[in-house]
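*Asks:* what would the 3D arrangement of this be:
(2 chains)
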Amino acid sequence: MDIKEKLAKLEDIMELDAGTLRPEMSLEEIEEWDSLAALSYVVMMTDDFGKNVTGAEIRAFKTVQDILNTMEK
Amino acid sequence: MPVLKYDNIRIASLVTAVPAHRQCIHIPEDAEKDRQTKTYVKQIGIQSRHISLTEQTCLDTGFAAARKALEMCSLTAADLDGVVFATQTPDFNAATTNAHLMHYRLGMREDTLAFDIPLGCSSFPYSLSMCASLLQQPEMRRILLIIGDVYWPNYPDPAGVLADNRFLIGEGTSALIVEKTAAPAPEIAIALFSDGAGYKHLYNPFAGHRNLWRQYPRAQTSAGVEVFPRSNMDGLEITSFATTRVVDAIKTYAEKTGKRPEEYDAVILHQANKQIVRTMTKRLGLADEQAPMSLDRYANTNGASVPLTISDAFHDDPREELHLLTSAFGIGLSWGIANIRIRPAVISPILLVEDDRFEEGLLRPIP
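*Replies:* Below is the predicted model:
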């Protein structure tokens, strides 16, 4: 999966328009990155990447790039 | 995975009662401005719940359900050999159990057992298994099982309830008459699971005795996590737990019992939230309609959510008998799986309970 597809998945989770997210963006500035988006992220990670993520890992995310780094099989 | 099997048990009646007041999640006309509420309704899937505004507890809704459950079987309280009440919110904490209050209110015999099971969302398979086990004794014939919780203690006044526009928990209480059959019945199988290490993902550290001496205005755990004076839930951990470990357990159970989830008449999952229920449904290889939902109208009713969903989905089903696979999961962490056979004719439509309360238990000020 290339970076465009990964960003599209995250935009889908956060219900953002396509092309809104960039890797260097700080999650603190993205209002749509909330607890509900995080729940969708957990489900997406197990569905698409077969990974179980913990709450602690998610709370450590600072930027969009941090999330992208976890999206590997 | 030990599977508990019973071949002489049936559910003689199932009644779920909810407080009459229905509270809806209000979405403003300009929904874009209230993105969070809109997303909440879409992902969590709750549009309304029933909740008491008249100081009713699960003892009161349970009492209404229990009387109806007895009436449907043409039984009286004297025909019961025991009452088991699964609740985390009894009328009187650390004093007497709700089972004893129910024993008193119904007027049951003295030579009967009565106790509470203090489990939450996972209590259906646990308490059903407990009743089925007790009924293996030759002289035990019939137990009243009540499952329910009240949300009220979190709000000392109705204004607090009405102000909450993004709620997860609703109120409802189910009563089941569980009885032994004279002839061998088709087997029911129950598997129960626990993960004590996960206790901290869903608990209230202020409510019991551990921190009775430590009622700080703001508090954190020994690991530095701030905790709040209601239930503390790590939604991410719970989502991950339900959609992976509980699903895996259901798959293993299906292998061990020789019947795949899609071969049942329906699969009833604890109504945690829509995202969890739908993800579990998908991972079990089921179509949405094979796992009915009630949480859109009743929210998450804790332990009652499995029997409430059965009441909601099947009370008017024309079939003679249903074979259902149920799974419930929650605090503990604990989870369980049970298959049950039930005739829709013994399932009541959901009762709305208006004003009935256990008045004797209410305190009055001393002038």
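*Asks:* which other helices and strands contact the top helix by length along chain A?
*Replies:* The longest helix of chain A (DSSP state H) is helix A:35-49. For helix A:35-49, the helices and strands in contact under the criterion 3 or more Cβ pairs under 8 Å, 6 or more residues apart in numbering or on different chains; DSSP states H and E are helix A:3-13, helix A:55-59, helix A:64-70, helix B:35-44, helix B:235-240, helix B:274-283. Backbone N, C-alpha and C define where each C-beta goes, glycine included.
*Asks:* which ones are touching the closest residue to chain B within chain A?
*Replies:* With Cβ to the nearest Cβ, the shortest gap between chain A and chain B falls at residue A:55, namely 3.9 Å. By Cβ atoms under 8 Å, 6 or more residues apart in numbering or on different chains, the residues touching residue A:55 are B:201, B:234, B:235, B:236, B:237.
*Asks:* which strand residues bridge residue B:5?
*Replies:* Using DSSP bridges, the bridge partners assigned to residue B:5 are residue B:189.
*Asks:* and the gap between residue A:34 and residue A:40?
*Replies:* From residue A:34 across to residue A:40, the span is 10 Å (Cβ to Cβ, to the nearest Å).
*Asks:* hang on, the earlier thing: what subset of the contacts of residue A:55 is buried?
*Replies:* B:201, B:234, B:235, B:236, B:237 (16 or more other Cβ atoms under 10 Å in any protein chain shown).
*Asks:* I'd guessed the last one sits against residue B:197; true?
*Replies:* No - here residue B:237 lies out of contact with residue B:197, judged by Cβ atoms under 8 Å, at a distance of 11.1 Å.
*Asks:* could you list the paired strands of the helix or strand harbouring residue B:341 along with their orientation?
*Replies:* Using DSSP states H and E, residue B:341 maps to strand B:334-342. Sheet pairing for strand B:334-342, assigned by DSSP bridges, gives strand B:188-194 (antiparallel), strand B:322-330 (antiparallel).
*Asks:* and residue B:336, how close does it get to chain A?
*Replies:* 21 Å (Cβ to the nearest Cβ, to the nearest Å).
*Asks:* ignore what I typed, I meant residue B:363.
*Replies:* Counting by Cβ to the nearest Cβ - residue B:363 and chain A are separated by 38 Å.
*Asks:* against residue B:53, how distant is that residue?
*Replies:* 19 Å.
*Asks:* so which of those two has more stuff around it?
*Replies:* residue B:53 (16 against 5; other Cβ atoms under 10 Å in any protein chain shown).
*Asks:* disregarding residues adjacent in the polypeptide, which is nearest to that one?
*Replies:* Nearest residue to residue B:53, sequence neighbours excluded (Cβ to Cβ, 6 or more residues apart in numbering or on different chains): residue B:158, at 4.5 Å.
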